[in-house]
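Enquirer: The following comprises the amino acid sequence and a computationally predicted model.
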Amino acid sequence: MSIKPILDYCLAEKIEKDSGVVVGTDVSDTHQYFKILAVGEGRYDNDGILIPMPVEVGDIVWIQKHAAEGDTPKELESKGQALFMASRVMAKEIQ
């Protein structure tokens, strides 16, 4: 089954990554890393103007640990994938 997200949804694959950051808590307790696999076209503002996606295929992004819950179907979760809105992305890695 192939999935093409619509509007401002992202399809992503969870990746394990060592953040290299040591703070009071383990980053993996609050954030997850994902590699973007597919994106929708963006969202429309109140005037009908398309706001493009802030992420693109191949980006590595951070989202809060449970941000994709509720949006992701179980069959995607079982494959280590998630479906979430682009607004849930907190940061992306810059190469």
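Expert: Right, received. Where do you want to start?

Enquirer: Against which helices or strands is the lowest-mean-pLDDT helix or strand in the chain packed?
Expert: Every helix and strand of the chain was ranked by mean pLDDT, DSSP states H and E. The lowest is helix 74-77, at a mean of 83. Using 3 or more C-beta pairs under 8 Å, 6 or more residues apart in numbering; DSSP states H and E as the contact test, no helix or strand touches helix 74-77. Using the backbone N, CA and C atoms, a C-beta is placed for each residue, glycine as well.

Enquirer: Identify each buried residue in that helix, please.
Expert: Leu76 (16 or more other C-beta atoms under 10 Å).

Enquirer: so how far is it from its chain's centroid?
Expert: On the basis of C-alpha atoms, centre = their mean, to the nearest Å, helix 74-77 sits 15 Å off its chain's mean C-alpha point.

Enquirer: which is the next helix or strand following that helix?
Expert: strand 81-85 (DSSP states H and E).

Enquirer: Show the secondary-structure elements that the helix or strand just after that next one is packed against.
Expert: For strand 81-85, the succeeding helix or strand toward the C-terminus, using DSSP H and E, is strand 89-92. Counting contacts by 3+ C-beta pairs under 8 Å, 6+ apart, strand 89-92 packs against strand 60-64.

Enquirer: contact partners of the strand it packs on?
Expert: For strand 60-64, contacts defined as C-beta atoms under 8 Å, 6 or more residues apart in numbering pick out 10, 12, 15, 17, 30-36, 55, 82, 84, 88-93.

Enquirer: Sounds good, over and out.
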